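[1] coords please:
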Amino acid sequence: MIERFYLKNCLTFEEVEMELGSGLIVFSGPSGSGKSVLMRSILGAVGFDDALAEVSEASVNWQIDEEATGFENEEPNILKQVKKEKVRYFLNAQSVSKKALHKISKKHMRLLSLKDYSDFEQTNMLSILDQQVVKDDETYSETLEIYKKDFVLYQNRKHELEQLLEQERRIEEHKEFAAFELSKIDAINPQKNEYESLLEIKSSLSKKEKAEEKINAVEQFFEKEHLVSDALNSLDADSAFFDDTMNELRTVFEQARSNFLDLEGEDIESVLNRLEELSDLKHRYGSINEALAYREEKAKELEKYENFDIEKARLAQEVDLLYKEVMTLADHISVKRSGVLFDLNLEINGYLKQLYLSGAEMSISHGDFMVSGQDKVHFNLQGAPLDKVSSGEFNRLRLALLALQSESMQEHGGVLMLDEIDANLSGEESMSVAKVLRQLSQHFQVFVISHQPQLTSMGEQHFMVEKSDVSTVRVLSHKERVAEIARMISGDTVTKEAKDFAKELLESAG
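    The predicted structure is shown next:
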C-alpha cells in the first residue's frame, strides 16, 4: 500500500502531505477543485502518468524484487518524481527511468481507466478460469506447467523439423557442393605448417650451389693452417686463438655440408610446384590452417547430409509424440475449464446482481494450440460484445471480475485506483458499487474519486479537496464527513434532511 504521499507545486496545489491507511480511501470535493490532478500526481510519482508536480513522492510498503531490479528494499521504499529542467525519477534516492519505475509499480498497482480492456484479455480471462479449477483440483497447476513445458518443446522441435524439411529441398545441391569443396582441398592434401617448411627448403636450395663452391674454395686454406701456427710459435705468440677460430670455422662448414646432404633428395621444381598449389589455397581461404578448418567443417556438413534421413525420421517421431502429448493435455485442460464455466458464470452474475447488472456470459471455443492451451474465452453482456456496452456497465463488469479474483487472495493485493467509477449511476447503483469496492478493499488499498454520497460514505478514510486561490487536501473528521456527504445530497444549501440521511449512510457503512 501507499503509506504516505507528498506533493509540491503542482498546478493549483502548493504543498500536500497525506498519511494514508489501508482499505477504501475516498476523495471528494467540488468540481474543479483538483481531485483528478491529485490522483494523477500520485500516479506520476510511481511512473504511471506524466509528471505534473515539481516534486511528488510516495512511501510504499511494497517488496521489490531485488535480484530482478538491482534495487535494495528499504522500510518504506520511497518512489519520487522531480521536475526542474527535465523530469527525473528516483527509487530510494537512486536514479531510475520512468519505464523501470512503472514496471516495478505495475506489480503492485492497478489503474482502472475507461475502456481499458486489459482485464478482459485472454491471458487474464484464462487465469480466472484456471484459478477456479485449482479450487477443486490442486494438481491442476502442475498439469498447466507440464503442458507449457511440453508445448514449448513441441514448438522448438517442430521448428527444427520444418528447417530440416526446408533443407531437404536443397540437400542434394548442398551435398554436391560440400563434396566438391572437400575434393578440391583433398586433391592438394595440405599439411599443417607445410607451406612455411617448403619456403625454408626453397631458400636453402637456392643457396646450396653457390655456398658449396665457396666452401670448396676455402678448403685450401685449411691445408696451410699449420704454416700459420708455426709462424706464430716462432714469434713466441700464443696460437690458441687461431686454433679456436679455425675449429669454429670447421664446425660451421661441416654443419652446412650436413644440411646440404639433407637436401640431396629435394627437387627445386617439385618444391616450387607444391608452393604454387599451396599458395592457391592460401589465396582462397586466407591460410593453410584456415583451409584445413574449412575442410573439417565441410566434412561434418557432408556427414550430416548423409545422416539426414535418420535425423529427419527421429525428429518427426519426436514431434509426433509431443503433439499427441500436447493435444491430450490441452483436451484435459479444456475439459477442466469447461467444467467450471457454469459455476463461474453464476458467481460473476452474483456480483453483477449486486451491481444491478445481469446477463454476463463467459464461454469457450477451441482454436490453435498456444502456450495457454487451445481455449479462447468469449465474454458478453446480454449478448452484446464488450465494445458495445456503456462505460458504466463496462466498469461494473470489471469490478465483478476483480471481486471474483480477490476471493483467491490470501493477503493484501496492492493498490487499486479508480476515477469517478460511480459517475452517471443512480443512488442504488452507486451503493452497489460502493459495497463491492468495500469488499475489494479487504485485499486492495482502493483510491476512488466520488461525487456520490453512497460511495463516499463507505470510505474508511475520507479526504476533502478544496480550492480558493490554491487547492488544499485534508482528512475529514466524522462530523466533517456528515457535512460533506450532506452537501453532495442537497447541494450548497444543506438541509436537515440531508444531514440526517448522511448520518444514516455513515452508520450503515460502519
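[2] Need the three-state assignment for the residue nearest to Glu225 when sequence neighbours are not counted.
    In this structure, Glu225 finds its nearest non-sequential neighbour in Met246, 5.8 Å apart by C-beta to C-beta, 6 or more residues apart in numbering. All C-beta spots, glycine's among them, are computed from the backbone N, C-alpha and C. State at Met246, reduced to three classes by DSSP: H, G, I helix; E, B strand; the rest coil: helix.
[3] Tell me how many other residues crowd Met246.
    Other residues within reach of Met246, judged by other C-beta atoms under 10 Å, total 16.
[4] Model confidence for it, exactly?
    Model confidence at Met246, given as pLDDT, is 82.
[5] go on, Ser41?
    Reported pLDDT for Ser41: 94.
[6] Next SSE downstream of the strand or helix carrying it?
    Assigned by DSSP states H and E, Ser41 belongs to helix 35-45. Later in the chain than helix 35-45, the nearest helix or strand by DSSP H and E is strand 55-60.
[7] ok, now which ones touch Val470?
    Val470 is in contact with Thr12, Phe13, Glu14, counting by C-beta atoms under 8 Å, 6 or more residues apart in numbering.
[8] Using the three-state scheme, assign Leu153.
    helix.
[9] Test my guess that it contacts Leu322.
    Yes: contact status for Leu153 versus Leu322: in contact at 6.1 Å, counting by C-beta atoms under 8 Å.
[10] Show me which of these two is the more surrounded one.
    Just comparing Leu153 and Leu322: by other C-beta under 10 Å the higher neighbour count belongs to Leu322, 18 against 15.
[11] State the distance from the more buried one to Asn77.
    Separation of Leu322 from Asn77 (C-beta to C-beta, to the nearest Å): 44 Å.
[12] just to revisit the earlier point, look up how far Val60 lies from the residue nearest to Glu225.
    97 Å.
[13] Tell me if I'm right that Ala51 and Lys83 touch.
    Yes: counting by C-beta under 8 Å, Ala51 touches Lys83, with 4.7 Å between them.
[14] With neighbour numbers in mind, choose between the two.
    A direct count of neighbours by other C-beta under 10 Å for Ala51 and Lys83 places Ala51 higher, at 21 against 17.
[15] Look up how far Val16 lies from the more buried one.
    From Ala51 to Val16 the distance is 15 Å (C-beta to C-beta).
[16] which ones are touching Ser141?
    By C-beta under 8 Å, 6+ apart, the neighbours of Ser141 are Asp130, Val134.
[17] Now do it against Ser97, distance only.
    With C-beta to C-beta as the criterion, Ser141 and Ser97 are 35 Å apart.
[18] next one: Lys324
    46 Å.
[19] Show the model's pLDDT score for Phe177.
    Phe177 is assigned a predicted lDDT (pLDDT) of 78.
[20] how much space between it and Glu14?
    78 Å.
[21] So for stretch 391-403, mean pLDDT?
    Mean predicted lDDT for stretch 391-403 stands at 83.
[22] other SSEs contacting the longest helix along the chain?
    Identified as the longest helix of the chain according to DSSP state H is helix 308-354. On a contact count with 3 or more C-beta pairs under 8 Å, 6 or more residues apart in numbering; DSSP states H and E, helix 308-354 meets helix 122-136, helix 140-168, strand 360-370, strand 373-381, helix 391-406, helix 427-440.
[23] And the residue sitting furthest away from the middle of the chain, how far from Phe242?
    Most distant residue from the mean C-alpha position of the chain: Ser234, 97.5 Å away (C-alpha atoms, centre = their mean). According to C-beta to C-beta, Ser234 stands 14 Å off from Phe242.
[24] in the protein, what spans have low per-residue confidence?
    113-116, 172, 205-209, 212, 257, 259-268, 407-413, 420 (pLDDT under 70).
[25] Dihedrals phi and psi, the residue nearest to the spatial centre of it?
    Centroid-nearest residue in the chain: Ala68, 10.4 Å away (criterion: C-alpha atoms, centre = their mean). The phi and psi values for Ala68, taken as degrees, to the nearest 10, are phi -80, psi -30.
[26] From the structure, what's the count of residues near the closest residue to Val482 other than its chain neighbours?
    Leaving aside its sequence neighbours, Val482 sits nearest to Ala502 (C-beta to C-beta, 6+ apart; 4.8 Å). Residue crowding around Ala502 was assessed by other C-beta under 10 Å; the count is 24.
[27] The helix or strand harbouring Ala502 - contacts with which helices or strands?
    Using DSSP H and E, Ala502 sits within helix 496-509. Counting contacts by 3+ C-beta pairs under 8 Å, 6+ apart, helix 496-509 packs against helix 453-457, helix 478-490.
[28] on that earlier part again, tell me the one of the contacts of Val470 nearest Lys312?
    Phe13 (69.9 Å; C-beta to C-beta).
[29] dump the residue contacts of the closest one.
    Contacts of Phe13 by C-beta under 8 Å, 6+ apart are Leu7, Gly34, Val37, Leu38, Ser41, Ala53, Val470, Ser471, Thr472, Val473.
[30] Would you show me how to pick out the buried ones of these in PyMOL?
    Listed next is the PyMOL selection for buried residues among the contacts of Phe13, using 16 or more other C-beta atoms under 10 Å:
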select buried, resi 7+34+37+38+41+53+471+472+473
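[31] how about JSON lines for the contacts of Phe13, with distance to Ile128 added?
    Formatted as JSON lines, these follow (distance: C-beta to C-beta, whole Å):
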{"residue": "Leu7", "distance to Ile128": "36"}
{"residue": "Gly34", "distance to Ile128": "37"}
{"residue": "Val37", "distance to Ile128": "34"}
{"residue": "Leu38", "distance to Ile128": "32"}
{"residue": "Ser41", "distance to Ile128": "32"}
{"residue": "Ala53", "distance to Ile128": "37"}
{"residue": "Val470", "distance to Ile128": "45"}
{"residue": "Ser471", "distance to Ile128": "40"}
{"residue": "Thr472", "distance to Ile128": "42"}
{"residue": "Val473", "distance to Ile128": "36"}
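[32] Filter the contacts of Val470 down to the ones in strands?
    Counted as lying in strands by DSSP state E, out of these, are Phe13, Glu14.
[33] Identify, from the contacts of Val470, the entry nearest to Ser365.
    Phe13 (50.4 Å).
[34] Distance of the closest one relative to Ala403?
    Counting by C-beta to C-beta, the gap from Phe13 to Ala403 is 33 Å.
[35] Same question for Met246.
    112 Å.
[36] so what are the domain limits for the protein?
    The chain breaks down by automatic domain parsing into domains covering 1-108+413-475, 116-146+323-408, 182-306.
[37] which one of the ones you listed is the most hemmed in?
    domain 1-108+413-475 (a mean of 19; mean count of other C-beta atoms under 10 Å).
[38] Alpha carbons only: can I get stretch 317-328 in CSV?
    Provided in CSV are the C-alpha atoms of stretch 317-328 (Å, rounded to 0.1, in the frame of the first residue of the first chain):
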residue,chain,number,x,y,z
GLN,A,317,8.8,-39.2,-34.5
GLU,A,318,9.6,-36.8,-31.6
VAL,A,319,7.3,-34.1,-32.9
ASP,A,320,4.5,-36.6,-33.4
LEU,A,321,4.8,-37.9,-29.8
LEU,A,322,5.0,-34.3,-28.4
TYR,A,323,2.0,-33.3,-30.5
LYS,A,324,-0.1,-36.2,-29.1
GLU,A,325,1.0,-35.3,-25.5
VAL,A,326,0.2,-31.6,-26.0
MET,A,327,-3.2,-32.5,-27.5
THR,A,328,-4.0,-34.8,-24.7
